[in-house]
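Asker: structure for the following, please:
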Amino acid sequence: MALSDKSNFTNPETPGYVGFANLPNQVHRKSVKKGFEFTLMVVGESGLGKSTLVNSLFLTDLYPERQIPSAADKIDKTVSIDASTVEIEERGVRLRLTVVDTPGYGDAINNQDCFKPILKYIDDQYEKYLNDESGLNRRHIVDNRVHCCFYFISPTGHGLKPLDVEFMRALHNKVNIVPVIAKSDTLTKREIQMLKAKIMNEIDDNGIKVYHLPDSDSDEDEDFKEQNNSLKQSVPFAVCGSSQLIEVKGKKVRGRLYPWGVVEVENPDHCDFIMLRSMLITHMQDLQEVTHEVHYENFRSERLAKSGGGTAAVKTSAGKRKESSSDKDQILQQKEEELRRMQEMVAQMQAQMAKKGQDV
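Answerer: The predicted model follows:
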């Protein structure tokens, strides 16, 4: 290339300019074409509004024919796993959303092992991804790993229940846990702030690791930094959901109608619904990365350690190195013995020649 052509790569205004600055556009086009996959798990006792909140978040009806069990049915009912998948498209961007519900959680009299089916489901998805990743055809791997878990906390209690603590301690190394205070419209603003502080103190005291939002970079916009800080201060999110449209001052809003007024779901002064949705959409990529780089890698290392594959490979390679080094030592020792014998033979020949010279 001639030196005169260098200006075509230093001036982006030149027609037909192609440079490294075009790489983000290529990644964006490829990602949009491929689409995105995200799996959200919702866990909480019955009646906390999990289904309503999910439908409100994604403006879709994931539970059209759902039947609510009676009190008699709940006696013998165990925790089950219901996974619903829906394709959402917005402005040309496709999202394959899978919502994993856990009906029956916390409804029994004895809830000692109620979170074990949830733990098994998360491990099974990691196991399936590990098998697909280790297979021959890795081009079309479907990622069904749980990227985020909304854990619903009852607003009627005084902080965390023993079941809440046990569940989060059992799963905080497996999945990104986001604590959510359900049906916050039953509390006043002061009660919400007190409950938030108490829940965070109990989480810290019990050594529970919930999902921490990443810090803003120094080169980010001030608006984004302010939004990120407000999201961090809102944890745990106090939310309420509704798919019902109500007319307020000539404008239709989604909310809940009470005799004293309307609770607007998308009003930041009424609840943290907007904050929760912003956190989920803004940090969806980070949730996937933490799942892959932290939780999945922990599972993968434990799985390989249990199978002994990695240890056996290390032992085999170490044994080969030991064998090769011992062979080299043996060969060197043989050569040294041969050299010593030759030196002794030469010394004997020299002695015999010297003796003959003296006799002559």
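Asker: okay, now the unreliable bits of the stretch 151-300 of the chain?
Answerer: 157 (pLDDT under 70).
Asker: ok, the spatially most central residue of the chain - contacts?
Answerer: The residue lying closest to the centre of the chain (CA atoms, centre = their mean) is T291, at 1.8 Å. Residues in contact with T291 (CB atoms under 8 Å, 6 or more residues apart in numbering) are R145, V146, H147, V175, N176. For the C-beta atoms, the positions are set from N, CA and C on the backbone; glycine is no exception.
Asker: the same query, at a cut-off of 10 Å, please.
Answerer: Residues near T291 by CB atoms under 10 Å, 6 or more residues apart in numbering: T39, Y126, D143, R145, V146, H147, C148, K174, V175, N176, E297.
Asker: for A170, same thing?
Answerer: Applying CB under 10 Å, 6+ apart to A170 gives the contacts F115, K116, I118, L119.
Asker: go ahead and build a ChimeraX selection from the buried members of the residues you listed.
Answerer: Restricted to buried positions by 16 or more other CB atoms under 10 Å, the ChimeraX selection for those reads:
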select :115,118
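Asker: in helices only, show me the contacts of A170.
Answerer: K116, I118, L119 (DSSP state H).
Asker: lowest-confidence entry in the contacts of A170?
Answerer: Of all those, F115 has the smallest pLDDT value, namely 81.
Asker: so that one makes contact with I177?
Answerer: No. Look at F115 against I177 with CB atoms under 10 Å: they stay out of range, at 11.9 Å.
Asker: what are the ranges of the helices in the stretch 151-300 of the chain?
Answerer: Along the stretch 151-300 of the chain, the stretches classed as helices by DSSP state H, counting those that start in this stretch are 162-171, 189-205, 222-233, 273-282, 284-290, 296-307.
Asker: relative to P214, which of those is closest?
Answerer: Of all the helices of the stretch 151-300 of the chain, helix 284-290 sits nearest to P214, with 5.5 Å by CB to CB.
Asker: can you show me the CA trace of that closest one as PDB?
Answerer: In PDB, the C-alpha atoms belonging to helix 284-290 read as follows (Å, rounded to 0.1, in the frame of the first residue of the first chain):
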ATOM      1  CA  MET A 284     -29.500  -8.200  31.400                       C
ATOM      2  CA  GLN A 285     -26.100  -8.700  29.700                       C
ATOM      3  CA  ASP A 286     -24.300  -8.500  33.000                       C
ATOM      4  CA  LEU A 287     -26.700 -11.100  34.600                       C
ATOM      5  CA  GLN A 288     -25.900 -13.500  31.700                       C
ATOM      6  CA  GLU A 289     -22.100 -12.900  32.100                       C
ATOM      7  CA  VAL A 290     -22.100 -13.400  35.900                       C
END
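Asker: can you give me the buried ones in that helix?
Answerer: Neighbour-count burial for helix 284-290 flags M284, L287, Q288, V290 (criterion: 16+ other CB under 10 Å).
Asker: need the max-distance pair from these.
Answerer: M284 and V290 (11.1 Å).
Asker: need the overlap of contacts for those two.
Answerer: Common contacts of M284 and V290, defined by CB under 10 Å, 6+ apart, comprise H147, C148.
Asker: ok so, going back, and for F115 and I177, which residues touch both?
Answerer: V43, F167, M168, L171.
Asker: just send those back as CSV, with distance to M353 and neighbour count too.
Answerer: Output for those, formatted as CSV (distance: CB to CB, whole Å; neighbours: other CB atoms under 10 Å):
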residue, distance to M353, neighbour count
V43, 97, 25
F167, 95, 25
M168, 93, 24
L171, 89, 22
